[in-house]
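A.B. asks: Based on what follows, work out the 3D shape:
(one chain, ligands or ions: 2)
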Amino acid sequence: MTTLSAVSPAELAVKVFARDERCHFNTENSPKNNGGVFDRVDDLHCALVDASNICQRAEVELHENTLTNFKGELFEIAQVDVLRIVIANMTSIVERALIHQTPVELPTRCIPPVVHHRHAMRHPVIASSLRLFSSQMKPRLAVLYQALDPPVLNGVQKPKKPNGYVDSCADIAYTVARSGGFAVATPAATPDPAKDADWSFGDDEAGILDAVRAGATHLWANTVLFKEHPLQTSAALDAHQDDVRVVGQPPLLAETYDDKALVNRILKEQGRFTIPVSCLANAGDDLAAVLEREQLSGRPVIAKPVRGRGSHGVKLCQSLDELERHVQSLWKESPSVILEEYLAGQEATITVMPPSAERPTYWAMPIVTRFNHVAGIAPYSGVVAVTANSRTLTEEEEAADPTYKQASRECAGVAELLKTKAPIRIDIRRFSDEPGSPFALFDINMKPNMTGPGRPGREDQASLCALAASGLGWDYAKLLQEILQSASTLRELRSAKLD
Ligand SMILES: Nc1ncnc2c1ncn2[C@@H]1O[C@H](COP(=O)(O)OP(=O)(O)O)[C@@H](O)[C@H]1O
Ligand SMILES: [Mg+2]
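C.D. replies: Numbering: from 1, shown residues only. Ligands and ions are numbered 1, 2, ... in the order given. Just a heads-up that it's a prediction; the model follows:
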């Protein structure tokens, strides 16, 4: 066991300390420094190369919860924190220097020595060593969990997920960290695979800034976004709009997307999507009259909340009596409720990926079919594991029935219309059990569950999207990598508009 201070100065040429949100290069252990400021361009060059070496090695080891230096000596685990900061800061310093070309635009939290050496940054030796350093560093992911309460919209608040999705956040971060390609920034210095909260930052402004400060180049917004969300509104993030990429929907649009009634209306106005008859029942409405108007009288009807999650409050009602009782109970939670034609046939779900550099169009993944319904409803995955009631269709099965292709086309069309920036998952169901009965699109999920296997003890975790990916031969790690490839810059996300 050895401590950092016992490591030779050359190995620790650069140390970074966080102080008042500003990071200072501290070169106290370097023989080449003078009071924390580099006097000579060559010194900075050496320091950067040394730091690069330290970071490279530390990076490899950090995810194993151990850390060895160049000589294979084991570091005290408490020192991992220091190296983590070194790595994070070196990444962001170098990236920003490269992105902005001139050091003048470096944020103040970057290092005084570099700022002191504005002219030095333009020096070809420094520039090339920075580039070398940067090319050695991996992009870095930070996952955001839901720390903020969703807003109340039209008197309705989407229920917040009790644990803020920290469990799937941890699945994502853990798997990405282990699969190469990306490094992962976490709030805990040595995240424990068994502790969900160790792996993700809150989606409040402080949490997001912590993630960026930890060097995140990619933020995975595994949370519910809305117009006033700090990803959209935080001025402190303005400086990062072009160098931070985000997996998530545009916050300005997410609010619209989350309202099932509004999305239904948008789709209906298009006239080209297959959708069920659906309408709103507002508190106090005469339900018999509403059903009459929609030609739903005497037919089984689904009643559900406008901002749902996990089948909460969704019920198949076979009579007006039953419907009235259920709608009364839903009105206690929210003043408007969706009444929908009951689609009695096969249920399935289709994940649609956004365009990426490699694949520049919206495209549908293999279809996952769902069975074992309870009282006509697919139960919440938290109650019945998706592997117990869902299966990916084979290519042959999809090819044998043209309604599958039609449904996939329509789902990709929805994503294109809504200009989604991250994967969405659309629930579909056939009108009836008649062979060849068409599929109607009834639930557009803008933040599908992205959990998957990986963490010890969670080997059997799955999600409908992960099942779909398996149909392509993708494992969970590959799915996450592909999603990361489609991330948009924060600027793109903030400025997205519907036509
Ligand atoms: N119009 C409908 N016809 C038939 N089944 C429906 C309909 N709407 C919802 N369901 C059933 O209820 C489940 C949950 O409803 P959904 O609209 O997907 O809400 P959630 O947001 O809770 O996923 C669906 O998976 C499906 O089994
Ligand atoms: Mg659904």
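A.B. asks: Give me every residue in the stretch 201-350 of the chain lying close to ligand 1.
C.D. replies: Within the stretch 201-350 of the chain, the positions adjacent to ligand 1 are 276, 302, 304, 308-312, 314, 340-343, 347 by C-beta under 6 Å from any ligand atom. Bear in mind the C-beta positions are built from the backbone N, C-alpha and C, glycine included.
A.B. asks: does the residue of the stretch 1-150 of the chain found nearest ligand 1 sit in a helix, a strand or a coil?
C.D. replies: Closest approach of the stretch 1-150 of the chain to ligand 1 (C-beta to the nearest ligand atom) occurs at residue 150, with a separation of 13.8 Å. Under DSSP: H, G, I helix; E, B strand; the rest coil, the three-state class of residue 150 is coil.
A.B. asks: got a list of what residue 236 touches?
C.D. replies: 205, 209 (C-beta atoms under 8 Å, 6 or more residues apart in numbering).
A.B. asks: helix, strand or coil for it?
C.D. replies: Per three-state DSSP, residue 236 ends up helix.
A.B. asks: Then residue 349?
C.D. replies: strand.
A.B. asks: Next, residue 173: phi, psi?
C.D. replies: phi -60, psi -40 (degrees, to the nearest 10).
A.B. asks: Relative to ligand 1, how far out is it?
C.D. replies: Using C-beta to the nearest ligand atom, to the nearest Å, residue 173 is found at 25 Å from ligand 1.
A.B. asks: Number of residues surrounding that residue?
C.D. replies: Neighbour count for residue 173, taken as other C-beta atoms under 10 Å: 30.
A.B. asks: does it really touch residue 199, like I thought?
C.D. replies: Yes. Residue 173 lies in contact with residue 199 (C-beta atoms under 8 Å); the separation is 4.0 Å.
A.B. asks: Could you pull out the residues contacting both of the two?
C.D. replies: Residues touching both residue 173 and residue 199 by C-beta under 8 Å, 6+ apart: 143, 184, 186, 191.
A.B. asks: And those, which two are furthest apart?
C.D. replies: 143 and 191 (10.9 Å; C-beta to C-beta).
A.B. asks: The two: which is more packed in?
C.D. replies: Shown here are residue 143 and residue 191; by other C-beta under 10 Å, residue 143 has more neighbours (31 against 22).
A.B. asks: How about the contacts made by the nearest residue to residue 257 once chain neighbours are set aside?
C.D. replies: Using C-beta to C-beta, 6 or more residues apart in numbering and skipping the chain neighbours, the partner closest in space to residue 257 is residue 446 (4.4 Å). If you count contacts by C-beta under 8 Å, 6+ apart, residue 446 has them with 249, 254, 257-258, 420, 424.
A.B. asks: Return the nearest residue of the stretch 1-150 of the chain with respect to ligand 2.
C.D. replies: Ligand 2 sits closest to residue 150 of the stretch 1-150 of the chain, with a gap of 17.2 Å, by C-beta to the ion.
A.B. asks: That residue is in contact with residue 224, isn't it?
C.D. replies: Yes. Using C-beta under 8 Å, residue 150 is in contact with residue 224, at 5.1 Å.
A.B. asks: got any residues that touch both of the two?
C.D. replies: 158, 160.
A.B. asks: how far away is the residue lying closest to residue 460 once chain neighbours are set aside from ligand 2?
C.D. replies: Among residues not flanking residue 460 along the chain, residue 453 sits closest, at 6.5 Å (C-beta to C-beta, 6+ apart). Look at residue 453 and ligand 2: by C-beta to the ion, to the nearest Å, they are 22 Å apart.
A.B. asks: neighbour count winner among residue 150 and residue 224?
C.D. replies: Set residue 150 next to residue 224 and count neighbours by other C-beta under 10 Å: residue 224 wins out with 28 against 21.
A.B. asks: Do you know the pLDDT at that one?
C.D. replies: If you check residue 224, the pLDDT there is 92.
A.B. asks: In a helix, it, correct?
C.D. replies: No. Read with three-state DSSP, residue 224 is coil and lies in no helix.
A.B. asks: check contacts around it.
C.D. replies: Shown in contact with residue 224 (C-beta under 8 Å, 6+ apart): 146, 150, 158, 160, 254, 258, 447.
A.B. asks: which stretches of the stretch 301-450 of the chain form strands?
C.D. replies: 301-305, 315-317, 336-341, 347-353, 363-364, 368-370, 390-392, 424-430, 439-445 (DSSP state E, counting those that start in this stretch).
A.B. asks: Format the ones you listed as a markdown table; extra columns: mean pLDDT, mean neighbour count and distance to residue 408.
C.D. replies: Listed next are the strands of the stretch 301-450 of the chain as a markdown table, based on pLDDT from 0 to 100; neighbours: other C-beta atoms under 10 Å; distance: least, C-beta to C-beta, whole Å:
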| stretch | mean pLDDT | mean neighbour count | distance to residue 408 |
| --- | --- | --- | --- |
| strand 301-305 | 95 | 23 | 23 |
| strand 315-317 | 97 | 19 | 26 |
| strand 336-341 | 95 | 22 | 22 |
| strand 347-353 | 98 | 25 | 6 |
| strand 363-364 | 98 | 18 | 4 |
| strand 368-370 | 98 | 20 | 12 |
| strand 390-392 | 97 | 19 | 13 |
| strand 424-430 | 98 | 24 | 9 |
| strand 439-445 | 96 | 22 | 9 |
